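>>> need coordinates for the below:
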Amino acid sequence: MSELALPMVVPEPGLPSRVTIYEVGARDGLQNEQSLVPTAVKAEFVRRLLAAGLPVVEATSFVHPKWVPQLADAADLMTGLLADLGDRARALPVLVPNERGLDRALELGLRHVAVFASATETFAARNLNRTLATQFEMFEPTITRALAAGMHVRGYVSMCFGDPWEGPVAVDQVVGVGKRLLDLGCAQLSLGDTIGVATAGHVRALVEAFAAAGVDRSRLALHFHDTYGQALTNVHAGLQAGVTTYDASAGGLGGCPYARSATGNLATEDLVWFLDGLGIEHGVDLRTVVDTSTWMAGHLGRPSPSAVVRALAQSPA
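Reported below is the predicted structural model:
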């Protein structure tokens, strides 16, 4: 990558000086693929993402293969990574939808898990087979046991900005669900724009509502999809509101298998380019992530949807 291919750094006053990029490509990115990705390819994907300097790489999900067959190899993947990476692999986050998933994570000695809640009634029924209220009956024992085992627990909330069946989602409703997860013991809460309908004002309003409810902004993360091309605009709004953790997927891979309108996640490369231009530190090597996404695109048999990958993939090193 030549010098001319890098953005000019022009800091913006009032923004955080450093953010954490929470890489979800290996789990959220691959879960929606039509064809099965070999376990060895997934393992190499994780290793390459770590080598790029990404501080957090979510590896997989211990979900029932009936629901997400693309991640049926979760135990095999983690066993291989543990043999290769040791303690570093134990710190890789995995999604555990219930106590059965947690049991599998505990058997492997993993230390970082995540649970997945819904901000809406319809998605709770479709994704969790629960109601908005009863979903917490599933999460409470899972989180309690994980904390007792010394695990770090993250909470995801889907459909925070809009639902394809219910339309706009009330901010207070999202705050209510998020607060329940935090009160149960989640250390961090990722607010998901699952179908990509968020806009900047909505992002700021939701973050401010959580702050008004007594939630420290440091406990919030934002998870955007780029369905309508608003992901980076929404990141900017999140930065202005004081949020310093952003989920992203290498190459823009991913979606949601339970919501057809959920297209690709915010691409890690697009986020890195954006942050580089603002002079915000993140610790990720852009060239390595671009090379990794180009490599994965070859295995998937299609070009990466990331604009930055497309622009830089053929640039001289």
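>>> quick one: the helices in the stretch 151-300 of the chain, in order.
For the stretch 151-300 of the chain, the helices defined by DSSP state H, counting those that start in this stretch occupy 171-184, 200-212, 231-240, 268-278, 286-300.
>>> point out the most buried one among those helices.
Counting by mean count of other CB atoms under 10 Å, helix 268-278 has the highest mean neighbour count of the helices of the stretch 151-300 of the chain, with a mean of 23. C-betas here are computed from N, CA, C, even on glycine.
>>> ok, which of the helices of the stretch 151-300 of the chain comes nearest Leu102?
Evaluated over these, closeness to Leu102 peaks at helix 171-184, with 13.5 Å, by CB to CB.
>>> avg pLDDT for the closest one?
Averaging pLDDT along helix 171-184 yields 98.
>>> run the chain-centre distance for that helix.
18 Å (CA atoms, centre = their mean, to the nearest Å).
>>> ok, stretch 85-104 next?
Using CA atoms, centre = their mean, the offset of stretch 85-104 from its chain centre is 15 Å.
>>> what's in contact with that stretch?
Contact with stretch 85-104 is made by 27, 46-47, 50, 56-64, 74-75, 78, 81-82, 105, 108-116, 128, 138, 141-142, 145-146, 152, 154, 156, as judged by CB atoms under 8 Å, 6 or more residues apart in numbering.
>>> can you get me a residue count around Ala83?
Around Ala83 there are 10 other residues, counting by other CB atoms under 10 Å.
>>> tell me which residues of whatever helix or strand it lives in come out buried.
Using DSSP states H and E, Ala83 sits in helix 74-85. Across helix 74-85, burial judged by 16 or more other CB atoms under 10 Å covers 74, 77-78, 80-82, 85.
>>> export the residues you listed as a markdown table, with columns for distance to Phe161.
As requested, the buried residues of helix 74-85 are exported to a markdown table (distance: CB to CB, whole Å):
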| residue | distance to Phe161 |
| --- | --- |
| Ala74 | 29 |
| Leu77 | 31 |
| Met78 | 32 |
| Gly80 | 37 |
| Leu81 | 33 |
| Leu82 | 36 |
| Leu85 | 35 |
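>>> and of these, the nearest to Pro303?
Leu77 (25.1 Å).
>>> local confidence estimate at the closest one?
98.
>>> thought it was touching Lys42?
Yes: when contacts are counted by CB atoms under 8 Å, Leu77 is listed as touching Lys42 (5.5 Å).
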